[in-house]
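Q: with the sequence up front, the predicted model follows.
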Amino acid sequence: MSSPDSTAPSLPLSTKENITPISSKIEELNESRSELLGRIQSLKQDLQGWRSKLDTQVKVYRDELTDLKKTLNVEVEQLRAEFQDLRTTLQQQQEDVTTSLRNLGLQDVSGDVKQAQSQETKTEEIAKEEQPVLHLHEDENTKIAEN
């Protein structure tokens, strides 16, 4: 059999061999960890820079939109005022033409138009009332012819 002394020296040798690769692995892991931490820090800085740029752009766009909105509101108000002026001018011109026609002894043109429209409406109503009567006569004639 083998003596206990012969096995004892072999253990320290294998332990020493295992320790060397482990320490080098730990050193590599520490280096990788440092490198990853550096990358993370760089990415955080990049992200902060992008956020800052984005915030600046958003502020600029908001300011531009506010200015555009103000400009648009001013232009809309100007258009409203111009349309109101046009409306007033047209009404005044219409009144002037009506007054001129009256002074010349002519009837109010708008009254003539309204009168003509009402006569057309009456004519249409009479025509509608007469149509059923015509149909009744036709039906009676048909019945008489059948008998």
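A: Looks like it came in fine. Note that the coordinates shown come from a computational prediction; the quantities given were computed from them, not determined experimentally. Residues are numbered from 1 along each chain as shown.
Q: for the rest of this, base every contact and every neighbour count on C-alpha atoms.
A: Noted.
Q: tell me, how many residues neighbour Asp55?
A: If you count neighbours by other CA atoms under 10 Å, Asp55 ends up with 12.
Q: Ser100 now?
A: 13.
Q: tell me which helix or strand comes right after the worst-scoring helix or strand of the chain on mean pLDDT.
A: Ranked by mean pLDDT, DSSP states H and E, the helix or strand of the chain with the weakest confidence is helix 4-7, at a mean of 48. Downstream of helix 4-7, the first helix or strand assigned by DSSP states H and E is helix 10-103.
Q: avg pLDDT for that following helix?
A: In this model, helix 10-103 has a mean pLDDT of 91.
Q: which strands or helices does it pack on?
A: Where contact means 3 or more CA pairs under 8 Å, 6 or more residues apart in numbering; DSSP states H and E, helix 10-103 is not packed against any helix or strand.
Q: relative to Lys44, how far out is Leu37?
A: Between Leu37 and Lys44 the distance, using CA to CA, to the nearest Å, works out to 10 Å.
Q: typo on my end, it should be Leu90
A: Distance of Leu90 to Lys44, given as CA to CA: 68 Å.
Q: kindly report the same for Ser118.
A: 82 Å.
Q: do Asn30 as well
A: 21 Å.
Q: now Arg102
A: The value you get for Arg102 to Lys44, if CA to CA is used, is 86 Å.
Q: same thing with Asn103?
A: From Asn103 across to Lys44, the span is 87 Å (CA to CA).
Q: what's near enough to touch Leu37?
A: Contacts for Leu37 (CA atoms under 8 Å, 6 or more residues apart in numbering) come out as none.
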